[in-house]
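Asker: predicted model and sequence below, questions to follow.
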Amino acid sequence: KAGVTQTPRYLIKTRGQQVTLSCSPISGHRSVSWYQQTPGQGLQFLFEYFSETQRNKGNFPGRFSGRQFSNSRSEMNVSTLELGDSALYLCASSLEGLAGYNEQFFGPGTRLTVL
Amino acid sequence: AQTVTQSQPEMSVQEAETVTLSCTYDTSESDYYLFWYKQPPSRQMILVIRQEAYKQQNATENRFSVNFQKAAKSFSLKISDSQLGDAAMYFCAQVETSGSRLTFGEGTQLTVNP
């Protein structure tokens, strides 16, 4: 069974631009969560989507948004990029989204650099 | 709000030796799960071990075991017979039973010396 895939793996943008990251979960998984990893803030939860609905959201500004499609693939969008948005963005999928009961499988991440 | 703290930014161990990574957490929930994740240089997060808070028995996975002290809110990871492939960043994480967001600690960078 294929693992979680994220595209692109690397991305360079300039301030003010917007970016869209994609995540394809493991087949059969209906929950997709997104995390931001930076040296200063560590790993922080962005949001979780389950059956095309945002079920949980972290403390990030409205510039960060996401969506999930009927095939469970998810995209996250960051508008008006800031230097501080430079980070590794990790996507994780699980069967039902309850991390305690269902293991979250992580993708390799997308490294976003904002210049 | 849940918090997870790893007080050891870096640790090192000799190959074949044992090392213990520390983690403390804080939560108002009575039922939750705790995890140790490994992140090698490839950046792929890999689940190492999981502990359910209502289980008093410490979880074990091959060379990896935990010391779960619920009253002290402590959750340490012991790696026995350390191997070069164990070198990675290790994250402690916690989630409430009904939740879906993982709260991570700051991470401990483990170096394994040959």
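Answerer: Done, it's in.
Asker: what's the spacing between residue B:78 and chain A?
Answerer: 21 Å (C-beta to the nearest C-beta, to the nearest Å). Heads up, the C-betas are built off the backbone N, CA and C, glycines and all.
Asker: can you tell me the helix or strand for that residue?
Answerer: Counting by DSSP states H and E, the element that carries residue B:78 is strand B:74-79.
Asker: and chain A, is the helix or strand just after that strand touching that?
Answerer: Once the chain leaves strand B:74-79, the next helix or strand it forms, by DSSP H and E, is strand B:88-96. Yes - Strand B:88-96 reaches chain A (C-beta under 8 Å from any C-beta of the partner chain) through B:91, B:95, B:96.
Asker: enumerate the residues of chain A near chain B.
Answerer: A:31, A:33, A:35, A:42-45, A:48, A:50, A:55-56, A:58, A:88, A:90, A:92, A:97-101, A:103-104, A:106-109.
Asker: which strand residues bridge the residue minimising distance to the centre of chain B?
Answerer: Closest residue to the average C-alpha location of chain B: residue B:36 at 3.2 Å, with C-alpha atoms, centre = their mean. On the basis of DSSP bridges, residue B:36 is bridged to residue B:49, residue B:92.
Asker: distance of it from residue B:113?
Answerer: 21 Å (C-beta to C-beta, to the nearest Å).
Asker: residue nearest the centroid of chain A?
Answerer: residue A:34 (3.1 Å).
Asker: give me every residue that touches residue B:106.
Answerer: Contacts for residue B:106 (C-beta atoms under 8 Å, 6 or more residues apart in numbering or on different chains) come out as A:42, B:5, B:6, B:9.
Asker: and if we set it to 10 Å?
Answerer: For residue B:106, the contacting residues are A:41-43, B:4-9, B:23, B:89, B:91-92, by C-beta atoms under 10 Å, 6 or more residues apart in numbering or on different chains.
Asker: picking up where we left off before, from the residues of chain A next to chain B, which land in helices?
Answerer: Judged by DSSP state H, these include no members of helices.
Asker: list only buried entries from the residues you listed.
Answerer: A:31, A:33, A:35, A:42-45, A:48, A:50, A:56, A:88, A:90, A:92, A:97-100, A:104, A:106-109 (16 or more other C-beta atoms under 10 Å in any protein chain shown).
Asker: show me those that map onto strands.
Answerer: Judged by DSSP state E, the subset of these located in strands is A:31, A:33, A:35, A:42-45, A:48, A:50, A:56, A:88, A:90, A:92, A:106.
Asker: among the residues you listed, which one has the lowest pLDDT?
Answerer: pLDDT across those is lowest for residue A:56, at 88.
Asker: please name the bridge partners of that residue.
Answerer: Beta-bridge partners, per DSSP bridges, of residue A:56: residue A:48.
Asker: my guess is it contacts residue B:96. True?
Answerer: No - with contacts defined as C-beta atoms under 10 Å, residue A:56 does not count as touching residue B:96, sitting 11.4 Å away.
Asker: ok so, going back, can you say which of the contacts of residue B:106 are buried?
Answerer: A:42, A:43, B:4, B:6, B:8, B:23, B:89, B:91, B:92.
Asker: could you report the neighbour count for residue A:69?
Answerer: Using other C-beta atoms under 10 Å in any protein chain shown, residue A:69 has 12 neighbouring residues.
Asker: equivalent analysis for residue B:82, please.
Answerer: For residue B:82, using other C-beta under 10 Å, the count is 21.
Asker: so how far is residue B:14 from it?
Answerer: Taking C-beta to C-beta as the measure, residue B:82 falls 7 Å from residue B:14.
Asker: now do the shared contacts for these two.
Answerer: With C-beta under 10 Å, 6+ apart, residue B:82 and residue B:14 have common neighbours B:112, B:113.
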